[in-house]
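Participant: Fold the following for me, if possible:
(chains A and B)
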Amino acid sequence: MANILQKLIGDKKRYHQFQRDVAALPQPYAATLQALEKYMWNFAKGEGFLDALEAILHLFEESAADQVPVAQIIGDDPVKFCDAIMAQYPNDLWLITYQNRLRQRVAAIENQQ
Amino acid sequence: MQGLTELLKGSLEGIVLQHISRGETYGYEITHYLSELGFDDIVEGTVYTVLLRLEKKGLLTVERRKSAVGPQRKFYQLNAAGEAYLQDFWTKWDFLAQKMTQLKER
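Facilitator: I've put the predicted structure just below:
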């Protein structure tokens, strides 16, 4: 288990720091980010996964400081929000890898015609 | 105005780049600027995703540092590739705008 975790998040220290930073956020920012993180774990693939998590953390830290309501950060659909962020890390998230693989496969079939 | 999301999708990058080209800025300020322009339903996350995309494309210089007030922030500046990309955006935009006007008047 420890090895899998290592593979997914790379530096464990960095991940623990991430968890502490999330916990340090005021509510409802912390709870929302924890929910988003839980969803994103389903697609965790490589070390860059932590980059994606930290990108959202930074957005939440800035937004909490500016008192931007959570709905104003993520919009009306948390899934769309997460997917849009994850799409920027195509090599580190299975969902995005699968999506791109499907695009390539269909494009390849088209090219064969 | 609301309900612009779909129509704006492709041009938001250009709008954001154009704004950053006027000087270093950060996410919240950009969202605020867009809302002042009248783009009400653009949320923080949408702007942030656009910024991430522009950053990944190598069009921005990004520096994360503590601001005078508040937390660590990501500050964005346009780099040379960003300048070129922006020019190209406006060329395409002018073409599109011209065609749309023609279509409407026909």
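Participant: residues from chain A in reach of chain B?
Facilitator: Residues of chain A lying near chain B by Cβ under 8 Å from any Cβ of the partner chain: A:55, A:58-59, A:61-66, A:68, A:71-75, A:81, A:84-85, A:88. Any C-beta I mention is one placed from the backbone N, CA and C, and that applies to glycine too.
Participant: let's see it at 7 Å
Facilitator: Within reach of chain B by Cβ under 7 Å from any Cβ of the partner chain, chain A has these residues: A:55, A:58-59, A:61-63, A:65-66, A:68, A:72-75, A:81, A:84-85, A:88.
Participant: Next step: those restricted to helices.
Facilitator: Among the residues of chain A next to chain B, the ones falling in helices (DSSP state H) are A:55, A:58-59, A:61-63, A:65, A:72-74, A:81, A:84-85.
Participant: Can you tell me which of the residues you listed is nearest residue B:37?
Facilitator: Nearest to residue B:37 among those: residue A:72, at 16.5 Å, using Cβ to Cβ.
Participant: Name the nearest residue to residue 48, ignoring sequence neighbours.
Facilitator: No chain was given, so I picked chain A. residue A:92 (3.2 Å; Cβ to Cβ, 6 or more residues apart in numbering or on different chains).
Participant: my question was about chain B
Facilitator: Counting by Cβ to Cβ, 6+ apart, residue A:59 is the residue found nearest to residue B:48 once chain neighbours are left out, at 4.9 Å.
Participant: who's in contact with that neighbour?
Facilitator: A:73, B:44-45, B:48 (Cβ atoms under 7 Å, 6 or more residues apart in numbering or on different chains).
Participant: neighbours around the spatially closest residue to residue B:1 that is not a sequence neighbour, how many?
Facilitator: Using Cβ to Cβ, 6+ apart and skipping residues adjacent in sequence, the residue nearest residue B:1 is residue B:38, 5.7 Å away. By the measure other Cβ atoms under 10 Å in any protein chain shown, the count of residues near residue B:38 is 9.
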